[in-house]
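Participant: compute the structure for the input listed below.
(2 chains)
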Amino acid sequence: MNKNFSVSIALWTLTVKEIRRFLRIWIQTLVPPAVTMSLYFVIFGSLIGPRIGSMDGFDYIQFMIPGLIMLSVITNSYNNVVSSFYSVKFQKSIEELLISPMPNWVILLGFVLGGVSRGVLIGFIVFCVSLIFYPEFTVVNPALTILVLLLTSILFSLMGFINAVFADSFDDISIIPTFILTPLIYLGGVFYSINILPDMWRTISMANPMLYVVNTFREGMLGVSDVSIPFALGMIFAFIGILTGSCLYLLNKGTGIRQ
Amino acid sequence: MAFALEITDLKKTYPGGVEALKGISFSVNEGDFYALLGPNGAGKSSTIGIIGSLVTKSSGKVKIFDTDIDGNVEQAKMMLGVVSQEINFSQFEKVMDIVVTQAGFYGIPKSEALPKVESILKRLGLWDKKDVQARTLSGGYKRRLMIAKALVHEPKLLILDEPTAGVDIELRREMWSFLKEINENGTTIILTTHYLEEAEQLCRNIGIIDDGKIVTNTGMKDLLGSLNVQGFVFDLESPLSEAPSIEGFPLKLEDPLTLIAAVNKDRSINSLFELLSDRGIKVKSMRNEANRLEELFIEMVKK
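Facilitator: Coordinates of the predicted model:
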């Protein structure tokens, strides 16, 4: 019998399992964002973009690139964790994890790292696709860009985890992404600067958390933002802290996973 | 003797008020092969679920080799392997990957796990299927895979929740032989099953649970010894038109060539043979009328 339990090997195993899962179904996980974003770049960037003109002093397609990368990163990080964790619940393979000596924080971290891996990989793929349509694109602040990319993936992986914990059916894992997450992202400045909105809508937009994520990322890539970057980063860190605490509380309590 | 499992006043009430366990206490000795029996809904799976951390207990204590599962949970879990009643692995992964991953969850590096996995898969007849997606396996092979997963970290205590449900007779016998072998090699085994013949064949001690309470917890021999009357089936050489009347031995003719006898525990079956022989009745072969444990089980859990 193995008397010593190695947390690092358990975490590595779970993370690799999660990465292997989304790579195994790459047609469903990696290809669709590349195809969808190519269509966005063709239609809104190359065809309609020139008629729109510039946005915050940038070509429209150039302005759109950070927003579309964030859109892909957010939805893929979220969907990876929500579908994977709900699947292990549905298939009962969650028992493999619960019976094992893995602490709850390792289980959470393993799933989050899986979501982050997919989010970052998708972000890279969409960025490569964007270079086909706008080869002269350069990243202004790579450190901030990578930091926001990672933080966003972590944040939405945690959200996906909570969704999966409470989900009782496959419908439950698509309701939040479809009816809450996607509208908030689209209205969070992916396609436009909130400076073009009337005062009232601009004020309302400030309550949309996606606005801070998208704009912080845009600050990293283009050096332009509608919001205060320190405030936005502070909010992202605060949300990650709150969501991590909530996930661990739910796991320790056994909500949705233990009878 | 050390206890492999010690359960004290274990209670479980599910949301909605269903009281699945009403304060059960029992212990299983190290090295034992123990049967935990009970009708559907008696509380067996709740008990196993609590031991395996799949169900949250309402109160009570569970110790695995003297380690409290509320204390050093990692140590307790390292000593425990559980084969659940339902299939609980990712159906889309390959057999080898599933078992190696399970080893990883117990902190065993892949390089160390591979030879162990090979040995277990070979022993369970799964080696030829190692590169096959689990969903394509037959029911019997899926059961074997569940056992392989539970054994990969070499647990000292193995709990099997109806491992042979839906498995054909040949495979069931193979599994019995495998379980006997690992028990002889030192692994304590707790088995729940609906096949009482299985429990009688394999287990040395037995606990019967009904309505959330332990009805009996004793040695298999002692329990079977408590049966007062045993039924025997005699296959006759020549047909009879009616059952002979022999005092002290109620006899019943099932068909012209099959005689059924109820033999009291304090009577010798040899005397019955003599009395039958005196009447010119020759017995070709003999067997137990029904599973003895089954009779006791029904008696104990009937309301």
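Participant: for the closest residue to B:Asn217 other than its chain neighbours, name its beta-bridge partners.
Facilitator: Taking Cβ to Cβ, 6 or more residues apart in numbering or on different chains as the measure, B:Asn217 lies nearest to B:Gly207, with 4.4 Å between them; neighbours along the chain are not counted. Where C-beta positions appear, they are placed from N, C-alpha and C, glycine not excepted. Taking DSSP bridges, one finds B:Leu36, B:Asn217 as the beta-bridge partners of B:Gly207.
Participant: list the contacts of B:Gly207.
Facilitator: B:26, B:34-37, B:214, B:216-217 (Cβ atoms under 8 Å, 6 or more residues apart in numbering or on different chains).
Participant: just send those residues back as a markdown table, with neighbour count and pLDDT too.
Facilitator: Written out in a markdown table, the entries for the contacts of B:Gly207 read as follows (neighbours: other Cβ atoms under 10 Å in any protein chain shown; pLDDT from 0 to 100):
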| residue | neighbour count | pLDDT |
| --- | --- | --- |
| B:Phe26 | 19 | 91 |
| B:Tyr34 | 26 | 93 |
| B:Ala35 | 24 | 91 |
| B:Leu36 | 28 | 90 |
| B:Leu37 | 26 | 87 |
| B:Ile214 | 22 | 89 |
| B:Thr216 | 18 | 84 |
| B:Asn217 | 18 | 85 |
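Participant: got the residues you listed as CSV, with distance to B:Arg123 columns?
Facilitator: Below are those laid out as CSV (distance: Cβ to Cβ, whole Å):
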residue, distance to B:Arg123
B:Phe26, 31
B:Tyr34, 22
B:Ala35, 23
B:Leu36, 25
B:Leu37, 27
B:Ile214, 34
B:Thr216, 34
B:Asn217, 32
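Participant: and those, which is closest to B:Glu112?
Facilitator: Proximity of the contacts of B:Gly207 to B:Glu112 (Cβ to Cβ) peaks at B:Tyr34, which lies at 30.3 Å.
Participant: helices or strands up against the helix or strand that contains that closest one?
Facilitator: Assignment of secondary structure by DSSP states H and E places B:Tyr34 within strand B:33-37. Applying 3 or more Cβ pairs under 8 Å, 6 or more residues apart in numbering or on different chains; DSSP states H and E, one finds that strand B:33-37 contacts helix B:44-51, helix B:169-184, strand B:188-192, helix B:196-202, strand B:205-210.
Participant: what are the boundaries of the helices in the chain?
Facilitator: Going with chain A. Chain-ordered helices for chain A, with DSSP state H as the definition, fall at A:7-24, A:26-29, A:31-40, A:49-52, A:60-90, A:94-99, A:104-133, A:142-166, A:172-176, A:182-185, A:199-205, A:209-222, A:229-253.
Participant: nope, chain B please
Facilitator: Counting by DSSP H, chain B forms helices over residues B:44-51, B:73-78, B:95-105, B:110-123, B:139-151, B:169-184, B:196-202, B:220-225, B:269-278, B:292-301, given from the N-terminal end onward.
Participant: give me the local confidence score for the closest residue to A:Val190 other than its chain neighbours.
Facilitator: Sequence neighbours aside, A:Gly67 is the residue nearest to A:Val190 in space, at 3.4 Å (criterion: Cβ to Cβ, 6+ apart). Note for A:Gly67: predicted pLDDT of 91.
Participant: and A:Gly67, what does it touch?
Facilitator: When contacts are counted by Cβ under 8 Å, 6+ apart, A:Gly67 touches A:189-191, A:214, A:217-218.
Participant: over to A:Val120?
Facilitator: In this structure, A:Val120 makes contact with A:73, A:149-150, A:153, judged by Cβ under 8 Å, 6+ apart.
Participant: can I get those in a markdown table with pLDDT, distance to chain B and neighbour count?
Facilitator: Conversion of those to a markdown table gives the following (pLDDT from 0 to 100; distance: Cβ to the nearest Cβ, whole Å; neighbours: other Cβ atoms under 10 Å in any protein chain shown):
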| residue | pLDDT | distance to chain B | neighbour count |
| --- | --- | --- | --- |
| A:Val73 | 95 | 25 | 28 |
| A:Leu149 | 95 | 28 | 23 |
| A:Leu150 | 96 | 25 | 15 |
| A:Ser153 | 96 | 23 | 28 |
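Participant: in those residues, find the pair that's most separated.
Facilitator: Maximum pairwise distance in those, criterion Cβ to Cβ, is 9.7 Å, between A:Val73 and A:Leu150.
Participant: what's the closest of the helices of chain A to B:Ile269?
Facilitator: Of all the helices of chain A, it is helix A:94-99 that lies closest to B:Ile269, at 47.6 Å by Cβ to Cβ.
Participant: does that closest one reach chain B?
Facilitator: Yes: Helix A:94-99 reaches chain B (Cβ under 8 Å from any Cβ of the partner chain) through A:94-99.
Participant: helices or strands next to that helix in the packing?
Facilitator: The helices and strands touching helix A:94-99, judged by 3+ Cβ pairs under 8 Å, 6+ apart, are helix A:60-90, strand B:80-83, helix B:95-105.
Participant: now the ones you listed in CSV, with distance to B:Leu276?
Facilitator: Output for the helices and strands packed on helix A:94-99, formatted as CSV (distance: least, Cβ to Cβ, whole Å):
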stretch, distance to B:Leu276
helix A:60-90, 61
strand B:80-83, 46
helix B:95-105, 55
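Participant: quick one: mean pLDDT over stretch B:246-261.
Facilitator: Confidence over stretch B:246-261 (mean pLDDT, whole number) is 85.
Participant: now do stretch B:158-165
Facilitator: The model assigns stretch B:158-165 a mean pLDDT of 87.
Participant: how many residues are close by the residue of chain A found nearest chain B?
Facilitator: The nearest approach of chain A to chain B comes at A:Thr13, 2.7 Å away (Cβ to the nearest Cβ). Here the neighbour count serves as a burial measure; for A:Thr13 (other Cβ atoms under 10 Å in any protein chain shown) it reads 27.
Participant: A:Ala164 too?
Facilitator: Here the neighbour count serves as a burial measure; for A:Ala164 (other Cβ under 10 Å) it reads 24.
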